[in-house]
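Undergrad: have a look; sequence and predicted model below, questions after that.
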Amino acid sequence: MLALFSENVKMNSVVAQIKATTVTSIQQLYGVELNIEQVLVNATKPEFEGDYTVVLFAFVKQLKKSPDALGQELGTALVADHPELFSGFNVIKGFLNLSIANTYWLDFLQSIQGKEGFGLHEPRNQTVMVEYSSPNTNKPLHLGHLRNNFLGWSIAEILKANGYKVAKTCIVNDRGIHICKSMIAWQRYGNGATPQSNGMKGDHFVGDYYVKFNDAYKAEVAELVAGGMDSALAEKEAPIMKATQAMLLDWEAGKPEVMELWRNMNGWVYNGFDATYKRIGSDFDKTYYESNTYLLGKDLVASGIEKQVFYQKEDSSVWIDLTADGLDEKLVQRKDGTSVYITQDIGLAVHKNQEFHADQSIYVVGDEQNYHFKVLKLICQKLGIPAADGIFHLSYGMVELPTGKMKSREGTVVDADDLVDAMISIAQQKTEELGKVKDFSAEELVVLYDTIGLGALKFFLLRVDPKKKMIFNPEESIDFHGFTGPFIQYTHARIKSILRKQENTEWQNSALGGDLLPLEMALAKQQEIFPSVLEEAATEHDPSKIAIYVFELAKTFNTFYNQLSIGNAETEAKKILRLQLAALTAQILKTGMSLLGIQVPERM
RNA sequence: GGACCGGUAGCUCAGCUGGAUAGAGCAGCUGCCUUCUAAGCAGCAGGCCAUUGGUUCGAAUCCAAUCCGGUUCACCA
């Protein structure tokens, strides 16, 4: 039934109707049954007359017709049989250009008049888990985490808009040798300091000790090497490293004072993370901690051996042979019986599935783990774990600086909190320069700067294809003109300003009529495709599809706005039409931006 | 070395399930605020779509090879 609904949505779009009517007309004309997928419909190039174009080459052979004759016959039939849809056609070199009837656009506008949530799909009975963010509790979030968080949050919203139930989860990497490093450093150099006593955010506070560890470690290694030790050996023998390894063992043994230190320091970090998450709008339905989940999956090893998916070597380590799948042999359990990363992930996958019974599970993780997730999915499938086929790695590229990768050792990491601060203060500065919001209260201004600054940042990170690595130039900062968040926000505010000027709201329910001017039609045409864009963004797992769409809609509106008067239109009928077009534009911009996690202000 | 990802305008990116003369934004240059918000609009300029070959009515898009850049192939997570 839900699949049916989605079909209906498709059936309703102009493009889908063109395809369907083409299939029937060809059937009637030539008695040939085409598959609907064979029909290719594109937007007509601006230099030709028409709105949508059917590419005829695909079936000339099958129909044994010349493209021109076929175009003429098909065009004639389509216009004759569907006057409510087509108003005319022309054929140029194998392309059938169709003009969509005025009434189609008017009916379209009329059909969604006064309705909220245009483009959103009916609920379907499917649950999707989205795991994102996945921080380490030894340092604050940076620019790369922001891309992760924005992507994860956005894809969750996009799925919801497509009718899925969504569970957002987060796995916190809160244990292991790297966590012990900052603990050791705090023990040695902290003198009992706390974030409160230092007036710092907890995650930054702990992150500083992680840096201190590395400095001390480097110094110790250098000293040992100076004393004549081989550098590889020095790295193992450095006292601070030995102490850290001892601490990890103590942690695993549950030694009370280590546990207490660990809880304290992690608590500081969580306070810091909470503040950042709140600011950037990330939230989770469920947070998992690796300290609780790292033992999961051990029982799966035994059953995997039983199922002969895994095999055991003489040293009793356990492996899976994936060479038949073009991959390598992969260890799933060490010879000492402890499990490895992949095994924990399999265990967590099973665990999460028992909790949420999701049909799909999306992992938002950087592309350096492409291989890991390929293996994870494959093993889950071989083990027959429920919904293994629904595992999807939403892989995204690194965010790089013009100078190359961010490296904490070289101090080139762009800190998330700093960046957000910077964006907001730029928003403030630009807003003040323009001087349009002098009557805003101090509180309203704070909200506005936040909205614009974060909007610019989120849009910047979401507007490119996730799988591509992207370059961020802190010097040039993020633009507020052109293909940017503020441009869309501005367009929205502008529309709202016009609508506010209307003294009554009758136009909202008034019937529409008359011929559409090209700019009016262009806007309606653009609006009409919003539902299919939403669907595409979900199936492709790609928020940038929405960012691009929303930008193009805003551009189309701005051209329309510049050429045509809305509030003072030539006639009452035109005024009603344009107000409705403007209001729908605002609504779509708002919905689209909200799926990117971006607010749109009423005024700016 | 194997696998995977990328290479499109000076810069950042769309377009990639084959379709008409390859598109945006930024930066550069021209115009447009006494009329609904100029964070805007209109225009100019900017291209051997990494290279070579193939597939066909048609290739930025598909295939092969090559060149560049990146990731990965841990008893780390």
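TA: Yep, that arrived. Residues are numbered from 1 along each chain as shown, chains lettered A, B, ... in the order given.

Undergrad: what parts of the stretch 1-150 of chain A come near RNA strand B?
TA: A:40, A:42, A:44-45, A:47-48, A:50, A:53, A:55, A:57-58, A:92-95, A:97 (Cβ under 7 Å from any atom of the strand). In this view, the C-beta of every residue, glycine as well, is placed from N, C-alpha and C.

Undergrad: spatially, which two of those residues are the most separated?
TA: Between any two of these, the greatest separation by Cβ to Cβ is 22.3 Å, found for A:47 and A:58.

Undergrad: neighbour-wise, which of those two wins?
TA: Ranked by neighbour count (other Cβ atoms under 10 Å), residue A:47 and residue A:58 place residue A:58 first, with 13 against 5.

Undergrad: pull the contacting residues for that one.
TA: For residue A:58, the residues meeting the contact criterion (Cβ atoms under 8 Å, 6 or more residues apart in numbering) are A:38, A:39, A:40.

Undergrad: which SSE is it in?
TA: Here residue A:58 sits within helix A:57-63, counting by DSSP states H and E.

Undergrad: tell me the buried residues in that helix?
TA: A:59, A:60, A:63 (16 or more other Cβ atoms under 10 Å).

Undergrad: got the contact list for the helix or strand following that helix?
TA: Scanning forward in sequence from helix A:57-63 by DSSP H and E, the next helix or strand is helix A:67-81. Outside helix A:67-81, the residues within contact range by Cβ under 8 Å, 6+ apart are A:21-22, A:25-26, A:28-29, A:54, A:56-57, A:59-60, A:63, A:65, A:85-91, A:93-96, A:98.

Undergrad: quick one: helix A:67-81 to chain centroid distance?
TA: Offset of helix A:67-81 from its chain centre (Cα atoms, centre = their mean, to the nearest Å): 42 Å.

Undergrad: next, count neighbours for the residue of the stretch 451-600 of chain A found nearest RNA strand B.
TA: In the stretch 451-600 of chain A, the residue that lies nearest RNA strand B is residue A:482 (2.0 Å; Cβ to the nearest atom of the strand). Per other Cβ under 10 Å, the neighbour tally for residue A:482 reads 9.

Undergrad: equivalent analysis for residue A:191, please.
TA: Residue A:191: 8 neighbours (other Cβ under 10 Å).

Undergrad: against residue A:448, how distant is it?
TA: Noted for residue A:191: a distance of 43 Å to residue A:448, by Cβ to Cβ, to the nearest Å.

Undergrad: try residue A:63
TA: Applying Cβ to Cβ to residue A:63 and residue A:448 gives a distance of 60 Å.

Undergrad: if we can go back for a sec, ok so the residue of the stretch 451-600 of chain A closest to RNA strand B is a helix residue?
TA: No. With DSSP: H, G, I helix; E, B strand; the rest coil as the criterion, residue A:482 is coil rather than part of a helix.

Undergrad: residues from the stretch 151-300 of chain A in reach of RNA strand B?
TA: So far as Cβ under 7 Å from any atom of the strand goes, the stretch 151-300 of chain A lies against RNA strand B at A:173, A:176, A:177, A:290, A:294.

Undergrad: beta partners for the first one?
TA: Note on residue A:173: beta-bridge partners by DSSP bridges are residue A:136.

Undergrad: that one contacts residue A:137, correct?
TA: Yes. In this structure residue A:173 lies within contact range of residue A:137 using Cβ atoms under 8 Å: 6.8 Å.

Undergrad: overlap in contacts of these two?
TA: residue A:179.

Undergrad: the more surrounded of the two?
TA: Each of residue A:173 and residue A:137 has its neighbours counted (other Cβ under 10 Å); residue A:137 has more, 29 against 16.

Undergrad: what residues does that one make contact with?
TA: A:172, A:173, A:174, A:179, A:206, A:265, A:266, A:269, A:270.

Undergrad: hmm, try it at 6 Å
TA: Residues near residue A:137 by Cβ atoms under 6 Å, 6 or more residues apart in numbering: A:174, A:179, A:266, A:269.

Undergrad: so how far is residue A:499 from it?
TA: Distance from residue A:137 to residue A:499, by Cβ to Cβ: 47 Å.

Undergrad: outline the domain layout of chain A.
TA: A:2-100, A:176-283, A:416-595 (automatic domain parsing).

Undergrad: having no further points to raise, I will conclude here.
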